[in-house]
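A.B. asks: Prediction below, plus the sequence it came from.
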Amino acid sequence: VVESADIVIIGGGVIGLSSAYHLAKAGAGKIVLLERQQLGAGSSGKSAAMLSLQFCRDAATLAMARRAYSRYMAFGEELGVAIDFHPTGWLSLATDGSAAALRQQAALLQQNGVATELLDAEEVAYRYPALNVDDIVLATFGPDDGPFDPHMIMQGYARRVRALSVQILEGVQATGIRFAGEPGFHQGRVTGVATDHGFIAAGIAVNVAGPWAGEVARWAGVELPLRNAARTIVVTGPTPAIPADYPFVEDLEVEWYLRPELDGVLMGMGDRPAPPDYAGLDEEQVEAIIERAVHRAPALEDARLQTAWTGIRPLTESGQPIVGSAGGPDGFLCNCGWGGVGLIMAPVAGEMLLFTL
Ligand SMILES: Cc1cc2nc3c(=O)[nH]c(=O)nc-3n(C[C@H](O)[C@H](O)[C@H](O)COP(=O)(O)OP(=O)(O)OC[C@H]3O[C@@H](n4cnc5c(N)ncnc54)[C@H](O)[C@@H]3O)c2cc1C
């Protein structure tokens, strides 16, 4: 398809697109982005679509999220598309076992100037009468979080990188990375990327393959500390008890969450090991989500299940992403392991990659 480039990017999710944008904007040379299916076909098209600061549990993550958040506030101006952000807020609910951690998290957010209120169960019941607070000992509310549109974000990046002469090749799968010299420990630098449509000579290969990043890294002799975890999303039909201006509600004890979606709700839960291309629907998980929904918001008992899907969160052991060479040969770069927050972090992920060139 293309015979040569300076940089080949492997993966067309939000991280690959942001990487392409930041590299192209910095004038890094001729860039080709490979996507085996269509842009957004991986985790980026299967998320809960939340932009958040409230999820942050450590100072480094919070610093990245704040920078990403401010980049998103200027996204329309910078990239010419609306990300459809609705800051309806984020409500975290803690039972006995999770209250101490939530209190600590709230302190970190408040110390860093992120608007975060501490609420008791009575206050939650008063503001959100649809919620069962019988077992709630502490809650926090952050007004600045809310849903946005991942497809518009990806479209914004894709349109701009094309204008910056990046070639996006959909339906083209990378099948290997080639290196100078003998394969093995003393492997030389990257010389190109093999694809199912031919070889592309290039000095730099960027692994932004999301859940497939472990496989791509093995081509470079690198074992990444990645763990792919399947999470199920369920969307219901109309739920009059949960109106459209309801916040994202997170039930920390079981990592279950809910937010309005059109005139119904979207709910998510689950953390099961799965292969990168897992697309099945785990009935047991769907039932667990519904069971928790009926406990936490009893009015949801009457809701009709409309659609459900499973997505993969590419998690790392440390909880921090992997950006840079990861100990691989010269010219091999990773930008992966963004776990459950890759959409939030995408603008920063692209910026960070620049520092590793
Ligand atoms: C249920 C769920 C809810 C989530 N909710 C949120 C949320 O609310 N907010 C948030 O910020 N994050 C959320 N996330 C996380 C977020 O979706 C991910 O962190 C993010 O999408 C990762 O983007 P990525 O570009 O690294 O991976 P992906 O989007 O998976 O992109 C990788 C791409 O690489 C392609 N690819 C793989 N191998 C090859 C190859 N050999 N050749 C060519 N192409 C290849 C794949 O087809 C894929 O399109 C959620 C995730 C899940 C599963």
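C.D. replies: Nice, I can see it.
A.B. asks: Could you count how many residues lie near the residue of the stretch 251-357 of the chain found nearest the ligand?
C.D. replies: With CB to the nearest ligand atom as the measure, residue 342 is the residue of the stretch 251-357 of the chain nearest to the ligand, at 2.2 Å. (C-beta placed from N, C-alpha, C; glycine too.) By other CB atoms under 10 Å, 26 other residues sit near residue 342.
A.B. asks: Equivalent analysis for residue 290, please.
C.D. replies: The criterion is other CB under 10 Å. On that basis, residue 290 has 18 neighbouring residues.
A.B. asks: element containing the residue nearest to it when sequence neighbours are not counted?
C.D. replies: Distances taken as CB to CB, 6 or more residues apart in numbering put residue 234 closest to residue 290, at 7.0 Å, once the chain neighbours are dropped. Under the assignment given by DSSP states H and E, the secondary-structure element containing residue 234 is strand 226-236.
A.B. asks: and the helix or strand following that strand, what other elements does it pack with?
C.D. replies: Using DSSP H and E, the next helix or strand after strand 226-236 towards the C-terminus is strand 248-251. In this structure, strand 248-251 makes packing contacts with strand 90-94, strand 256-261, helix 283-296, judged by 3 or more CB pairs under 8 Å, 6 or more residues apart in numbering; DSSP states H and E.
A.B. asks: Show me how far the last one is from its chain's centre.
C.D. replies: Averaged C-alpha coordinates place helix 283-296 at 23 Å from its chain's average position (CA atoms, centre = their mean, to the nearest Å).
A.B. asks: Please pull up the helix or strand immediately following it.
C.D. replies: Following the chain from helix 283-296 toward its C-terminal end, the next helix or strand by DSSP H and E is strand 305-316.
A.B. asks: How about that next one and the ligand, touching?
C.D. replies: Yes: on the criterion CB under 6 Å from any ligand atom, strand 305-316 is in touch with the ligand at 311, 312, 313.
A.B. asks: Send me that strand as PDB with only the CA atoms.
C.D. replies: Backbone C-alpha positions of strand 305-316 (Å, rounded to 0.1, in the frame of the first residue of the first chain) are rendered in PDB as follows:
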ATOM      1  CA  LEU A 305     -32.700  -4.200  28.800                       C
ATOM      2  CA  GLN A 306     -32.000  -2.500  25.400                       C
ATOM      3  CA  THR A 307     -28.500  -3.500  24.500                       C
ATOM      4  CA  ALA A 308     -25.300  -4.800  26.000                       C
ATOM      5  CA  TRP A 309     -21.600  -5.300  25.000                       C
ATOM      6  CA  THR A 310     -18.300  -6.200  26.400                       C
ATOM      7  CA  GLY A 311     -15.100  -4.200  26.000                       C
ATOM      8  CA  ILE A 312     -11.500  -4.800  27.100                       C
ATOM      9  CA  ARG A 313      -9.500  -2.600  29.500                       C
ATOM     10  CA  PRO A 314      -5.800  -3.000  28.900                       C
ATOM     11  CA  LEU A 315      -4.500  -2.700  32.500                       C
ATOM     12  CA  THR A 316      -1.000  -2.700  33.800                       C
END
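A.B. asks: partners of the following helix or strand past it in the sheet?
C.D. replies: On the C-terminal side of strand 305-316, the nearest following helix or strand under DSSP H and E is strand 322-324. Paired neighbours of strand 322-324 in the sheet (DSSP bridges): strand 332-336 (antiparallel).
A.B. asks: May I have the distance across stretch 121-137, first residue to last?
C.D. replies: In terms of CA to CA, to the nearest Å, the two terminal residues of stretch 121-137 are separated by 6 Å.
A.B. asks: what does the stretch 151-300 of the chain have sitting close to the ligand?
C.D. replies: The stretch 151-300 of the chain comes close to the ligand at residues 173, 174, 208, 209, 210, 211, 212, 231, 233, 268, as judged by CB under 6 Å from any ligand atom.
A.B. asks: give me the beta-bridge partners of the last one?
C.D. replies: Beta-bridge pairing of residue 268, defined through DSSP bridges, involves residue 233, residue 257.
A.B. asks: which sections of the stretch 151-300 of the chain are below the confidence cut-off?
C.D. replies: Scanning the stretch 151-300 of the chain with the threshold set as pLDDT under 70 gives 183-186.
A.B. asks: contacting residues around whichever residue of it sits closest to the ligand?
C.D. replies: For the stretch 151-300 of the chain, the nearest residue to the ligand under the criterion CB to the nearest ligand atom is residue 210, separated by 2.3 Å. When the contact criterion is CB atoms under 8 Å, 6 or more residues apart in numbering, the partners of residue 210 are 11, 13, 15, 42, 43, 44, 276, 312, 314, 336, 338, 342.
A.B. asks: swap in residue 115?
C.D. replies: When contacts are counted by CB under 8 Å, 6+ apart, residue 115 touches 142, 143, 144.
A.B. asks: who wins for neighbours among those?
C.D. replies: residue 142 (23 neighbours).
A.B. asks: Just to check, it is in contact with residue 112?
C.D. replies: No: taking CB atoms under 8 Å as the contact criterion, residue 142 and residue 112 are not neighbours in contact, 11.9 Å apart.
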